[in-house]
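Colleague: Could you work out the structure for the sequence below:
(one chain, ligands or ions: 1)
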Amino acid sequence: MSAPLVGVDEVELPKWTEIDQQVANAGLWHTLRALPSGVSIVLRLAWQASKRLTLLSAILSVAAGCATAFGLIATADVLTTLLAQGPTPTQVVASLPSVALVVASFSLRALLDSASTAALALLRPHVEQTAQETVHAAVSQVELIAFEDSDYADLLRQCMTAGVRSIESSIKAISGIGGSLVYLIASVVSAGVLHPLLAPVVLIAVIPNMWAYARAAKLAYVSYLAMLSRSRRLSIASELLTARETAAEMRAATARLALLEEYRRISTMLTDEAVRVELKQTRVRLIGRIIAGVGTGAGYAVLGVLLHAGWLALPLAGAAVVAMRVATSALMTTMMGVKTLYEDTLYVKLYTRLLEISRARTRSPVAAQAPAPAVITLEEASFSYPGQDAPALRDVSLTITKGQVVALVGENGSGKSTLAKLITGLYQPTGGRVCWDGVDLAEFDEESVYQQIALVLQDPARWPMTAHDNIRMGRIDRRDGMSVAEAARESGAEDVIAELPNGYQTLLSRLFSSGRDLSGGQWQRISVARGIYRDAPILVVDEPTAAMDAKAEHAVFESLRRLGGGRTTILITHRLANVQHADQIVVLDQGKLVEQGTHHELMALGGTYAGLFTLQASAYTPRT
Ligand SMILES: Nc1ncnc2c1ncn2[C@@H]1O[C@H](COP(=O)(O)OP(=O)(O)OP(=O)(O)O)[C@@H](O)[C@H]1O
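Modeller: Residues are numbered from 1 along each chain as shown. Now for the predicted structure:
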């Protein structure tokens, strides 16, 4: 078999699935015992979403069950009266009150059923909204580095699809179980009233089916876990084939057929697995049904024995048959509800696990507020990305004073962007310390640290908003100081906006039919405007002009210099002509700080910086 094109065939399962593996391997009893915790999660969410609708749904579904049970008892009464000894017309007339009760109870049940369905239909969107809002609130606060952790990203994706959907469906299952349990109790009790032996006999027919359904659900879940990485790769392959970002290159590189083939390869593996599981499930269900059939036969045999021995009168036998059939069907309905709930509970756990992990990866608010720092110090700071053995930064020590322009220089992958994220508290060092005014950044409230920073990135956020709001997003609650138009003027974004059909009110997104997109360099100008508008004491500019033309780049650096007064600027760029005026140039090589000083000092040193600078400068020197 050829090597896979998208990802690798067998990847390690994320750590969060370990618990699921334990669940998947546990026995039926253990599994059923886990149900209440799933139910309580869902009920709590429903309660949180709407107390009124939750109570109403619960009352209505139990009441519908009671009405059905009442109808069942009335039906048994009708049969008993009809089969009693005496002339038939007399029996028919005698049974009329019970018939009326049967009609009334089933009509009431239909009414209550419709009301319960309506209440549930109203409750479910509320629950979904609450679950979605809770997830979004939790995930949007998680420490930035979590998004570099593929396990977390995977859990997030699973939760957004299977997790939240299963919450909705388990509400329906819980309500169904509530109603059918009442029905079940009534039918088993009425069978037991006719003869105590009949009550347990009813159960014989249902337990094997219950085992079979639980086993089948577990098989499906084990397969879901095993196929997790392949499903992920399938959705990635699908995205590659259909996304706007890859559309041009896929066509130009004539890679369409190769990608289609890869999609087919992965989907065939998934289809084969789905067929395998379906066959296994069918076998298990069949075994369950056969045993259940034998159980039903045994029930009737017991009834026959009771009749034969004279322990049960013949008129009551008809009622007993009805009660047994109804009890069996009520048990089956309950069991189907439990089966759905069991399946859903497994997925609901994804939701709770995501919340648990997100909360564990969120720093709690603390009282200490970060100042606009007069001095930033790094003390042997190191950093490793999750799951990576080699550190991206090693023992970096550095001091930056307020108002300095510090340029971070080095080859691709040398650690410049990572260092900028450490300086600004976006990442926490995995070794050493980063301090603002002598206080470890970990001791400050996270939000207060972010209040002090502005980020201008090479590939900036492209907010699907108007041009005006794209700049305003820099500090959305800003009420005073510089206006959006001034920031646009300073950054050179004004020229871009002037060409837009609706100026500042043009929607910058192709996601909407009235929107339009910008070029890479134009987006960068908007991003610089946003950074200027934010007006924070520390400005990080990470290759902000890489996609700009020479004129725009010159204008941006001019305005950064002009606006720089008092602001600490961390500048990352490969164009060394722009760093000559920096107060400090920090040269990184494979995560280590190898040189540090001003342009003149480093040129005099004749090391890495001098080599790179001379190389770039020579490109502009006419060859003789
Ligand atoms: N999300 C990530 N997960 C794992 N490793 C990463 C991640 N991001 C970066 N790295 C690794 O960390 C190292 C430093 O990356 P960083 O982005 O800081 O380099 P850089 O100097 O800014 O590079 P460039 O000039 O190309 O932007 C590199 O070896 C890179 O492969």
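Colleague: how about the residue of the stretch 151-300 of the chain found nearest the ligand, phi and psi?
Modeller: Nearest to the ligand in the stretch 151-300 of the chain, going by CB to the nearest ligand atom, is residue 153, at a distance of 10.6 Å. To be clear about C-beta, it is placed using only N, CA and C from the backbone, and glycine gets the same treatment. Residue 153 has phi and psi values of phi -60, psi -40 when expressed as degrees, to the nearest 10.
Colleague: now the one 4 residues further on
Modeller: Note on residue 157: its backbone torsions stand at phi -60, psi -40 [degrees, to the nearest 10].
Colleague: Look up the pLDDT of the residue nearest to it when sequence neighbours are not counted for me, please.
Modeller: In space, and not counting its chain neighbours, residue 157 is closest to residue 232: 7.3 Å by CB to CB, 6 or more residues apart in numbering. At residue 232, the model reports a pLDDT of 78.
Colleague: same check, this time on residue 47
Modeller: Reported pLDDT for residue 47: 93.
Colleague: I'd like to check what contacts the helix or strand hosting it. Which residues are they?
Modeller: Using DSSP states H and E, residue 47 falls within helix 35-49. Applying CB atoms under 8 Å, 6 or more residues apart in numbering, the contact partners of helix 35-49 are 53-54, 57, 123, 126-127, 129-131, 134, 167, 170-171, 174, 338, 341-342, 344-346, 348-349, 351-352.
Colleague: again, 7 Å this time
Modeller: 54, 123, 126-127, 129-131, 167, 170-171, 174, 341-342, 345, 348-349, 352 (CB atoms under 7 Å, 6 or more residues apart in numbering).
Colleague: Quick one: name whatever helix or strand follows that helix.
Modeller: Following helix 35-49 in sequence, per DSSP H and E, is helix 51-83.
Colleague: tell me the angle of that next one relative to helix 35-49?
Modeller: 120 degrees (axes from the mean of the first three to the mean of the last three CA atoms, to 10 degrees).
Colleague: How about helix 51-83, which residues are buried there?
Modeller: For helix 51-83, burial by neighbour count (16 or more other CB atoms under 10 Å) applies to 53-54, 56-58, 60-83.
Colleague: list the helices and strands the helix or strand that that helix is followed by packs on?
Modeller: Counting by DSSP H and E, the next helix or strand C-terminal to helix 51-83 is helix 88-139. Packing partners of helix 88-139 (3 or more CB pairs under 7 Å, 6 or more residues apart in numbering; DSSP states H and E): helix 35-49, helix 51-83, helix 164-194, helix 314-360.
Colleague: how big is the angle separating helix 88-139 from helix 314-360?
Modeller: Using the same axes, to 10 degrees, helix 88-139 lies at 10 degrees relative to helix 314-360.
Colleague: centre of the chain versus helix 88-139, how much separation?
Modeller: 33 Å (CA atoms, centre = their mean, to the nearest Å).
Colleague: just the angle between the helix holding residue 47 and helix 164-194, please?
Modeller: 120 degrees.
Colleague: And the residue nearest to residue 157, which helix or strand is it part of?
Modeller: Going by DSSP H and E, residue 232 is part of helix 228-242.
Colleague: What residues sit buried inside stretch 503-513?
Modeller: Quick answer for stretch 503-513 (16+ other CB under 10 Å): 504, 506-509.
Colleague: Point out the other helices and strands that the helix holding residue 232 packs with.
Modeller: Using 3+ CB pairs under 7 Å, 6+ apart, helix 228-242 is in contact with helix 256-308.
Colleague: For the protein, which residues are neighbours of the ligand?
Modeller: 148, 385, 388, 392, 410, 412-418 (CB under 6 Å from any ligand atom).
Colleague: swap the cut-off to 5 Å and go again
Modeller: 148, 385, 388, 392, 412-418 (CB under 5 Å from any ligand atom).
Colleague: Out of the residues you listed, which end up buried?
Modeller: 392, 414-418.
Colleague: Next, work out how far apart the nearest residue to residue 102 once chain neighbours are set aside and residue 92 are.
Modeller: Nearest non-adjacent residue to residue 102, counting by CB to CB, 6+ apart: residue 74, 4.4 Å away. From residue 74 across to residue 92, the span is 15 Å (CB to CB, to the nearest Å).
Colleague: what's the answer for residue 67, then?
Modeller: According to CB to CB, residue 67 stands 25 Å off from residue 92.
Colleague: Quick check on the contacts of helix 35-49: which are buried?
Modeller: Buried, going by 16+ other CB under 10 Å: 54, 123, 126-127, 130-131, 167, 170-171, 174, 341-342, 345, 348-349, 352, out of the contacts of helix 35-49.
Colleague: For the closest residue to the ligand within the stretch 1-150 of the chain, list the residues it contacts.
Modeller: Ranked by CB to the nearest ligand atom, the top residue of the stretch 1-150 of the chain for proximity to the ligand is residue 148, at 3.8 Å. Applying CB under 7 Å, 6+ apart to residue 148 gives the contacts 385-386.
Colleague: just the one 5 residues further on next, same as before
Modeller: By CB under 7 Å, 6+ apart, the residues touching residue 153 are residue 147.
Colleague: Likewise for residue 471?
Modeller: Counting by CB under 7 Å, 6+ apart, residue 471 has contacts 484, 487-488, 526, 529-530, 533.
Colleague: try 10 Å this time
Modeller: Remark: with contacts taken as CB atoms under 10 Å, 6 or more residues apart in numbering, residue 471 is in contact with 463, 465, 483-488, 491, 493, 497, 504, 526-534.
Colleague: how close does it get to residue 524?
Modeller: 13 Å.
Colleague: hey, what's in contact with both of the two?
Modeller: Between them, residue 471 and residue 524 share the contacting residues 491, 493, judged by CB under 10 Å, 6+ apart.
Colleague: Can you report how many residues lie near residue 282?
Modeller: 11 (other CB atoms under 10 Å).
Colleague: Alright, I will stop here.
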